[in-house]
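Visitor: structure for the following, please:
(2 chains)
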Amino acid sequence: MYKYVLRRVIQAIPIFFGITLLSYALMANTPGGPVAALAFGANLKPSEVEALKIQLGVNDPWPIQYLRWLVGDDWLRWDTDGDKLADRSVLIGITGPNGEPLPPGDRRGILRGDFGISFVRSRAVLPIILERLPASIELGVSSLVVGASIGILVGVIAAVYHDRWFDHITRVLAVVFDAVPIFFLAILLLLIFGAQLQILPLGDRCRVTMDPSCPPIFQRLEYLILPTFVLATGGISAYSRFMRASMLEVVSQDYMRTARAKGLNSRTVWLRHGARNALIPIATFLGPAIAGIWGGAVITETIFNWPGVGRTVVAAVTSRDYPIVMAATVFAGISTILGYLLSDILYGIIDPRIRFD
Amino acid sequence: MKHLSRIMVAGMLMLLIAALVVPVAAQDEPAAASGAPLILPNFGADPATFNPILSNDGTSSAIISRIFPSFIGLDDDTGFWAPGADQALVTDWTVSDDNLVYTFTLRDDMVWSDGTPVTSADVQYFWDAVQDPTVNLSGSFVDLRDKIASVESPDAHTVVVTFNNPDCNAIDSAGILQVVPAHYYSQIFPERSDMNDSEENLNPQVTAGPWNFLNFRPGEQVTLAANTEWVDDVVVPQGWIYKNVADQTVQVEQFLVGQLTYMGVPTARVPELGERVANGEFYGHYSTRANTRFLSFNMADPNNPQPAVDEEGNHLDQGQHPIFGGYTADGVATPGGLKVRQALNYGMNFEEINEGVFAGLGIQMPTHSRPDDWAFPTGLENYPYDPDMANQLLDEAGWVDEDGDGVRECVSCDYLSVDPAFAGSPLEFELLTNAGNTSQEALGVLLQDQWGRIGAKVNFSAIDFNVLVDDLVGQTYDAIMIFWGFGFPFDPDGISAVFATSADIPGSGFNTGSYYNARVEELLDTARTLPGCDLEERKALYGEAYTILHDESPWMWIGIAQTLAVGQLSIEGWDPHPQAAAEVLWNEESWFVAP
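Guide: Numbering: from 1, shown residues only, chains lettered A, B, ... in the order given. Okay, here's the model as predicted:
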C-alpha cells in the first residue's frame, strides 16, 4: 500500500502544477484586472499606475507573473552592492516607470512557503486564510457528519422499507432538498427560527461580546444548527438516494440470500451483510466531500454570517486579489488530490477484493 | 431670635432640596463606560489595516477615525474645518500673506494611550512617510505630494505647512494630514517600508481617541473599548463593536430583534423601516448626503482612445464619438453631439425613476453639489422631463427615424463629416453599469426604456465592477453610469480633476469622457487661486462653471437617493445633526444604552 500511496503522490505533482498554471492563466487573463480599480479612486498619474503595477507584480506577462508566484522574485531582481536597490535582474525590469532603481525582489514563492501579499488587504495571504480556516472546518465537518450519517441512515431504512410510505416520503424530500436553492432555504429558516420564533440565533458564529474570540464550540452549539442543516441538505439528499440504490442492488446478491437461508435474523442480514457492502461505493463520495469542507459553503457562510474561508475567497475573486485566489486554489487542489487518494485507500480497506498494486 | 430661626429653617430647607437635586443632576451625566457597547453593522469586507498611512477602504477608516486624532477637526455646526474641534490637534492657525505658508498651533493636553504626549512629531512622521517612495501609501494621500512643498515641526506644538501654490482649498489638503504615534511606529517599523505588510497594522496598541482598540476577530467584528481617560468627552458606552454582517436581510432582521444598536437601512427596506420610524418604533434620520448618480458620455473615439495633450501640452486629435460628439481636430466642439446629450437629459423622466428605483426618496440634481453646499449655484434648475424638446433636439442633430422602426438613424448627424458611410446608422449605444447593485440595474433599465421612447436604442448591461472600471479608465465605452460620493466637507474644486485636460489620459485620470472647455478650466482655476479667497466671489465662479457643465452635459447628473439611518429607542442621546461630519453618530460617545 505504501508504494501505491507514494506512486499516487508522485502522480499528483504534475496534476497540482497543471491546476495552478491553468488557474493563474485564467485569472490573469480575465478582463478587469486589479490595478484599474485600486488606482481609480486615487486618481493616480500614469507613472503612479505603472509603479502600482510593479509593486503588485502584475506589470509583466502572465507567465512571468506565474513564475514569480511559484518560485518568488528574489532571484529575478537582486542587489549585489548592498545599497538595497536592485542592480541585476533576469526576465523582469530593474527600474521603475521614471527610470528610478527598484528594490530587489523579496518574494520567495509558494514552493518556498511564501503565498504572497494580498493586493487589497496589504497582509501576508497565509494568515488571512489560516485565521478563517477553523470556522470553515467547524461548519464543513459538522455538515459532512450530519449529511452523511442522516443520509446513509435514511437510505438504508428506505431500502429496507422499499416502496412503503417512508421510502416515498424520503425520496420526495430528497428531490426537494436538491431543488430548493440554498440561499432561499437559509433565509427561510433564519426568518422562521431566528426572527419569528426566536429560538435559534439569527446567524453568526457566536454571541457578540467584547471578548477576543468565540467560546469553545460546545458552548455555542445552537449557532451551528441552522447553517449545518442547510449545508447538509445536499449531502442528506445525495447520500440517501445513493445508499438506497446501493442497498437495493446488494439485496439481490447471492450472499444475502445465503445469509437469509442460514437463518440469520433480518437485522443482521440488512445491517451486517447488506449495509456494510452497500457502503463500499459511498467511500468514493467521502474523499471529494472532504475537499469541500473548508471552502464549499460560500452562500451559507454569507447568509449565516459565518466567518469562513469561502466568503473571503469570493471577495478576493471579485476584487481580483490574485494572491488570495491562488492560495485558495492551492489549498483546494491539494485537498482534492488528497481527498481522492483517501477515497481510494478507504475503498481498499473496506473492500478486501481491492489490491493496491 | 425669631428671625434667626426662620433663616435656619430656610437654610435647612435649601440643604434638603440640594441633597435631593444634586444627585439627580449628577445622574444626568452617565459615568464613563457605564452603558452597553454600541453594535453597528459593517456590510462589507474586513478592515485591511488600522494604520492611517496605508488605509484605503471605508471599513478601516471607520475604525481609524475613532482611535486616532485628526489633525484639524470639523465644526459640528457648520461643517467647515475649525480650530479647537473635538478629537483634533489644531487649536489655531495663521496664514502667510502669500497664502502659501500655514502655521498650525497644536494643543498640549492630548496623550497617546501609553502616556506619551501627542506632538508635532506625530504629524511629521506621517509627512515623512508620504514622501517615502518605499511606503505603499494610501491613494488618498498621493495628491499631497503635489500640493504640499514641506511640513516642518519647529517645536512640539507647532506645525508649518508650506504649499506649492496658493490654493483657497489648502485647508482641505492640510485637513487630511494624519496624526500617528511616531515613537511607537519608529519602534515597530525600524524601516518605514516595514509597515507595508506588517501584521502590527491590525493590532494598534498605541492610539489616542475616544476609543481604544481592543480586538479584531476576522470575519466577525472589530471591538473598541471606551477610553475612560479621554480628554474631550466622557465616553459613556463600554465599547464600540463593528460587526461584520454579510447579508442585508440578516442585517435588518438582527436590528429588528435588537441585536444591532444602529444601522443604515438598505434601499429596498427604506419604505418599510421608514413607516416603523414614523410609528415611533425606532429612531430614524433621513440624509441627503448620499452618493450622486451620474452618467458619463464618451466624447472621443472609443475605438482609439488618446490622451488630450501630448508631452509638450499640444492638443491631440482624439476623434469623435459617433453619437455623443466631441471635438474636431481643431478642438471645436461638435454641435450635434451636444444636442444629443441634452436630448437624453430632457428624455429622462425622473419622477418615474424616483418611484421605481428610489422608493420616492430621490432628489434630482442639476449638478454634483447639493443645494445646501455653499458653492451650489443659485437658480440652476434640473432638466425637466420634456420628450417634445428631446425629439426636437435629436431632429436638429440630424437623427431621424426614417424607416419607422422606432429607432432614429443618422441622416445628417455630425459624424458624417468623419465617416460618410455612417449615414443610416441607428442611434444605438451601449450603457454600462456595475453588476450587483439592484438600484443601479433598475435605473439602467428605466433609462433604456425612457430613451427608447425618443428613438434611441440603448443596449444596457450590468457588468463586473473591475471590468467596468477598466472600460471607464481605458475610455473604451459609450456611456457608463456609476455613482460617486463627493465627500464631506464639500470640496467645490473636486470636479477639477474630472474635467481637466490634464486628467484626460487613457489608463489613468478622471476625465474619462474627454471633455474639454477652456472657460470651465479657467473658472475652476480662478476660483481655486482667487486672492483673498472671498467666498461669494468664488461661489459666482464655481456657479458659472457648474452651469456650463450642466448645459454641455459631459456628465449627465441624475440625482441622489436619500438614505435612512435607524437606531433603537433604547439609545439615550440620539440627536442627529445634519451639519456634522457624522450626521447621526457625531455624539455616539455620549449615547447611553442600558447594559
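Visitor: from here on, contacts and neighbour counts on C-alpha atoms
Guide: Noted.
Visitor: now do the end-to-end distance for stretch B:409-426.
Guide: Length of stretch B:409-426, first residue to last, Cα to Cα, to the nearest Å: 4 Å.
Visitor: what residues of it count as buried?
Guide: B:409-416, B:422, B:424, B:426 (16 or more other Cα atoms under 10 Å in any protein chain shown).
Visitor: do the same with stretch B:85-93
Guide: For stretch B:85-93, by 16+ other Cα under 10 Å, it's B:85-91, B:93.
Visitor: for the closest residue to residue B:358 other than its chain neighbours, grab the count of nearby residues.
Guide: Ranked by Cα to Cα, 6 or more residues apart in numbering or on different chains and with sequence neighbours excluded, the top spatial neighbour of residue B:358 is residue B:561, at 5.7 Å. Using other Cα atoms under 10 Å in any protein chain shown, residue B:561 has 23 neighbouring residues.
Visitor: right, and residue B:561 touches residue B:363 too?
Guide: Yes: between residue B:561 and residue B:363 there is a contact at 6.3 Å, judged by Cα atoms under 8 Å.
Visitor: and the helices in the stretch 251-357 of chain A, which stretches?
Guide: Under the criterion DSSP state H, counting those that start in this stretch, helices of the stretch 251-357 of chain A are mapped to A:254-261, A:266-268, A:276-278, A:283-292, A:298-303, A:309-318, A:322-350.
Visitor: before we move on, what about the stretch 101-250 of chain A?
Guide: Going by DSSP H, counting those that start in this stretch, the stretch 101-250 of chain A shows helices at A:125-130, A:133-160, A:165-179, A:182-189, A:222-251.
Visitor: and those as JSON lines, adding mean neighbour count?
Guide: Formatted as JSON lines, the helices of the stretch 101-250 of chain A follow (neighbours: other Cα atoms under 10 Å in any protein chain shown):
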{"stretch": "helix A:125-130", "mean neighbour count": "16"}
{"stretch": "helix A:133-160", "mean neighbour count": "22"}
{"stretch": "helix A:165-179", "mean neighbour count": "16"}
{"stretch": "helix A:182-189", "mean neighbour count": "17"}
{"stretch": "helix A:222-251", "mean neighbour count": "23"}
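Visitor: kindly reformat those as CSV containing mean pLDDT.
Guide: What follows is those, written out as CSV (pLDDT from 0 to 100):
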stretch, mean pLDDT
helix A:125-130, 94
helix A:133-160, 92
helix A:165-179, 91
helix A:182-189, 93
helix A:222-251, 91
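Visitor: can I get the ones you listed in TSV with distance to chain B?
Guide: Below are the helices of the stretch 101-250 of chain A laid out as TSV (distance: least, Cα to the nearest Cα, whole Å):
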stretch	distance to chain B
helix A:125-130	8
helix A:133-160	10
helix A:165-179	22
helix A:182-189	8
helix A:222-251	13
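Visitor: export the ones you listed to a markdown table and tack on distance to residue A:115?
Guide: Shown next, in a markdown table, are those (distance: least, Cα to Cα, whole Å):
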| stretch | distance to residue A:115 |
| --- | --- |
| helix A:125-130 | 6 |
| helix A:133-160 | 16 |
| helix A:165-179 | 37 |
| helix A:182-189 | 32 |
| helix A:222-251 | 29 |
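Visitor: mind checking those for the one nearest to residue A:260?
Guide: helix A:222-251 (10.7 Å; Cα to Cα).
Visitor: highest mean neighbour count out of the helices of the stretch 251-357 of chain A?
Guide: Compared across the helices of the stretch 251-357 of chain A, helix A:298-303 shows the largest average neighbour count, a mean of 22 (mean count of other Cα atoms under 10 Å in any protein chain shown).
Visitor: same for that one, what does it pack against?
Guide: Judged by 3 or more Cα pairs under 8 Å, 6 or more residues apart in numbering or on different chains; DSSP states H and E, the packing partners of helix A:298-303 are helix A:182-189, helix A:222-251, helix A:309-318.
Visitor: for the record, mean pLDDT for that helix?
Guide: Mean per-residue pLDDT for helix A:298-303: 88.
Visitor: picking that back up, nearest to residue B:29, out of the helices of the stretch 251-357 of chain A?
Guide: helix A:298-303 (40.0 Å).
Visitor: with just CA atoms, put that closest one into CSV.
Guide: This file holds the C-alpha atoms of helix A:298-303, laid out as CSV (Å, rounded to 0.1, in the frame of the first residue of the first chain):
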residue,chain,number,x,y,z
VAL,A,298,-19.9,30.5,0.3
ILE,A,299,-23.6,31.1,0.3
THR,A,300,-24.2,29.5,3.6
GLU,A,301,-21.3,31.5,5.1
THR,A,302,-22.6,34.7,3.7
ILE,A,303,-26.2,34.4,4.9
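Visitor: the residue of the stretch 201-350 of chain A found nearest chain B - nearest residue in space that isn't next to it in sequence?
Guide: Residue nearest to chain B within the stretch 201-350 of chain A (Cα to the nearest Cα): residue A:307, separated by 4.4 Å. Excluding the flanking residues, the one nearest residue A:307 by Cα to Cα, 6+ apart is residue B:219, at 4.4 Å.
Visitor: for the one you found, what are its contacts?
Guide: A:132, A:306-308, B:45-46, B:244 (Cα atoms under 8 Å, 6 or more residues apart in numbering or on different chains).
Visitor: hmm, 7 Å instead?
Guide: A:307, B:46, B:244 (Cα atoms under 7 Å, 6 or more residues apart in numbering or on different chains).
Visitor: cheers, nothing more for now.
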